[in-house]
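> structure, please.
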Amino acid sequence: MNTAGIKEIKNNLSRYLARVKSGEEILITERGRPIARIVKENEKYNSIRNRLNPLIEKGLITMPSRSISKNGPPRINAGGKSTAEMVAEDRR
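The predicted model follows:
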């Protein structure tokens, strides 16, 4: 494994990425202390779905049947007064 400082990586990124593509690992250091590692992406596991597929096939997990919005699950209307209405009522 090759070791290089941040400045060296910044100045020669293309050269280091070419080395990583050929299978070499690069350890990045800051003031001589390791902080990160650059390794070649494993194409077999390059997506979350590909990593989950073996678990799905074994029946250990199931994928959601519907998409959940970015704002979380849908709101449920339980009926009755809202919290804001109840607080306002208590303050009267």
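> now the strands for this protein?
All strands of the chain, identified by DSSP state E, fall at 2-5, 26-30, 33-38.
> how distant is the helix or strand of the chain with the lowest mean pLDDT from the center of its chain?
Sorting the helices and strands of the chain by mean pLDDT, DSSP states H and E puts helix 48-57 at the bottom, at a mean of 86. Mean-position distance between helix 48-57 and its chain equals 16 Å (Cα atoms, centre = their mean, to the nearest Å).
> could I get it in CSV with only the CA atoms?
The C-alpha trace of helix 48-57 is given here as CSV (Å, rounded to 0.1, in the frame of the first residue of the first chain):
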residue,chain,number,x,y,z
ILE,A,48,-26.9,-0.6,-2.1
ARG,A,49,-29.4,-2.7,-4.1
ASN,A,50,-26.6,-5.0,-5.2
ARG,A,51,-25.5,-5.5,-1.6
LEU,A,52,-29.1,-6.1,-0.5
ASN,A,53,-29.9,-8.7,-3.2
PRO,A,54,-28.3,-11.7,-1.5
LEU,A,55,-30.3,-10.9,1.7
ILE,A,56,-33.5,-10.5,-0.3
GLU,A,57,-32.9,-13.8,-2.1
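> so what does it touch, helix or strand wise?
Here helix 48-57 touches no other helix or strand, going by 3 or more Cβ pairs under 8 Å, 6 or more residues apart in numbering; DSSP states H and E. (Each C-beta comes from the backbone N, C-alpha and C, glycine too.)
> for the strands of the chain, give me JSON lines that also has distance to Asn50.
Output for these, formatted as JSON lines (distance: least, Cβ to Cβ, whole Å):
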{"stretch": "strand 2-5", "distance to Asn50": "28"}
{"stretch": "strand 26-30", "distance to Asn50": "24"}
{"stretch": "strand 33-38", "distance to Asn50": "21"}
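> and Arg92, which of the ones you listed is closest to it?
strand 33-38 (59.2 Å; Cβ to Cβ).
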